[in-house]
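Q: show me the folded form of this:
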Amino acid sequence: MNTIYAQVLDINIEVIIKIVLYTCFVFISAFFAAIETALLKYTALKFEVKEQIKKYISVWEENPEVILGTILIGTNLACIGIGVLNTSLGLWIGWSIIILLVLGEILPKVYALTSPSFIINYGIKWLVKFSKIVSPVTNFLVNLSMYFTSIFLRIEKETPFFTKKDIQEIVYKEESISGEEKQLYYNIIELTDKRIFDIMVPKEDIVAVDISWGLEEIINKLSNTKFSRIPVYKDNIDNIIGIIYTKDLVLAIQNKELLILDDFLREAYFVVNTAHVIDVLKQFKQGRHHMAIVVDEYGSTVGIVTIEDIIEELVGEIYDEYDIKEQKLKKIGVDTIIVSGDESIKSIEESLGVKLEDEGVATINGYVVTKLGIIPEIGDKFVINNLEIEILDRTKRFIKKLRIKKV
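A: Predicted coordinates:
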């Protein structure tokens, strides 16, 4: 009797151990699923993490393929363990698949999408430590993958881990980000590819003065401009020799101290038209510049760019007290209006007698971009919430004018 009891007890203990191991493997699978999702979201949004965690984050940023390889190894080991124990326990394979999918994949990924910072703050440390343990295997697999990829697909090793389109799609699908914030993200992403010739004021629109001009000519030019800094050239616009601040000239004229324009000349800052906008913005910050003369490869003047031009690429048009704004909303029929992209949602609702869905945006530009996920092209027509909308004008970053008709 005691022998039979001992055998039953041994069997029960063995089953309990297997169930505990089975549960552990499911949790291991869940951990790797959650940390992978959290890291991908961090790459897209760069949210705040604990200071002591940043050194582990840098491992991910420097070697994402190695960390992903580690996650793949961990996930496969967990799946193998679950498969072996599933057979040993005699479980129906269908239940095992359901448990693995729901508890080991779907739920942890959903949680990681809603609380990525928590997952990273408390999980990445252990992931990096595990990565060091299996590094010989992951390094071998990564190098092997790169080797076959270079042979068969002719793809260079250094390729972007995330494309611009990938990041835009992630931002668009993120419900916690408002429409206007999404637009700002889009603009930041687009700005990384832009060059100075995309945003500069062209040569023919430059307001400048000749170094040889007299006092009367200078005053006439200043009275017809709103700019605080004006380029100064010698003989022709291709030979810009400096910049004057209008405030310096105004004070000098008031105090009757203006002798020659050269006395007030400040050094001009030059950039090439092919320079990346982001790089020029950094140069502006480091050198405390507000304006740069844009030149081509031959040194000829092709335009000017200011820090305001760059900021407007991010936040849209900036109006000051000198700018003349067009009428933002114009009624051309009982149920039809033409509006500026920065017109408020409230004004459009009042004008057409409609109620638009709350998308967390303030302007019609933000509303349309949030609904479509893109900035539509000029001439595009579509219907949103019983409103027929046609794009009349746009820039690379902003819908400038729309025709809206209630249908």
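Q: where along the stretch 151-300 of the chain do the strands fall?
A: Applying DSSP state E, counting those that start in this stretch to the stretch 151-300 of the chain gives strands spanning 201-202, 209-210, 229-234, 236-245, 270-272, 291-295.
Q: show me where the stretch 301-407 of the chain has its strands.
A: 301-306, 329-331, 336-340, 381-384, 387-394, 399-406.
Q: now those as TSV including mean pLDDT and distance to Gln183?
A: C-betas here are computed from N, CA, C, even on glycine. Converted to TSV, the strands of the stretch 301-407 of the chain look like this (pLDDT from 0 to 100; distance: least, CB to CB, whole Å):
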stretch	mean pLDDT	distance to Gln183
strand 301-306	90	22
strand 329-331	83	20
strand 336-340	90	15
strand 381-384	91	16
strand 387-394	91	13
strand 399-406	90	10
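Q: any idea which of those strands is most buried?
A: Among the strands of the stretch 301-407 of the chain, strand 301-306 has the highest mean neighbour count (mean count of other CB atoms under 10 Å), at a mean of 22.
Q: could I get the strands of the stretch 151-300 of the chain as TSV with mean pLDDT?
A: Converted to TSV, the strands of the stretch 151-300 of the chain look like this (pLDDT from 0 to 100):
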stretch	mean pLDDT
strand 201-202	84
strand 209-210	86
strand 229-234	88
strand 236-245	88
strand 270-272	91
strand 291-295	91
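Q: Asn273: which of the strands of the stretch 301-407 of the chain is closest?
A: strand 301-306 (5.3 Å; CB to CB).
Q: kindly calculate the angle that that closest one makes with strand 236-245.
A: Going by axes from the mean of the first three to the mean of the last three CA atoms, to 10 degrees, strand 301-306 is angled at 20 degrees with respect to strand 236-245.
Q: contacts for strand 301-306?
A: The contact list for strand 301-306 (CB atoms under 8 Å, 6 or more residues apart in numbering) reads 196-197, 199-203, 205-206, 229, 231, 233, 237-238, 240, 271, 273, 280, 290-296.
Q: and of the strands of the stretch 151-300 of the chain, who's closest to Gln183?
A: Closest among these, using CB to CB: strand 201-202, at 23.7 Å.
Q: hmm, back to that, in CSV: the strands of the stretch 301-407 of the chain, plus distance to Gly81.
A: Converted to CSV, the strands of the stretch 301-407 of the chain look like this (distance: least, CB to CB, whole Å):
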stretch, distance to Gly81
strand 301-306, 60
strand 329-331, 65
strand 336-340, 61
strand 381-384, 51
strand 387-394, 55
strand 399-406, 54
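Q: show me which of the contacts of strand 301-306 are buried.
A: Among the contacts of strand 301-306, those buried by neighbour count (16 or more other CB atoms under 10 Å) are 196-197, 199-200, 203, 206, 229, 231, 233, 237, 240, 271, 273, 280, 291-295.
Q: per-domain residue ranges of the protein.
A: Following the TED database, one finds the domains of the chain at 13-152, 163-193, 197-312, 329-406.
Q: which of the ones you listed comes out lowest on mean pLDDT?
A: Set side by side, those give their lowest mean pLDDT on domain 163-193, at a mean of 70.
Q: so what's the residue nearest to Pro376 when sequence neighbours are not counted up against?
A: Counting by CB to CB, 6 or more residues apart in numbering, the nearest residue to Pro376 once its immediate chain neighbours are dropped is Ile391, at 5.0 Å. Residues in contact with Ile391 (CB under 8 Å, 6+ apart) are Pro376, Glu377, Ile378, Gly379, Asp380, Lys381, Ile399, Lys401, Leu402.
Q: that concludes my questions; thank you for your assistance.
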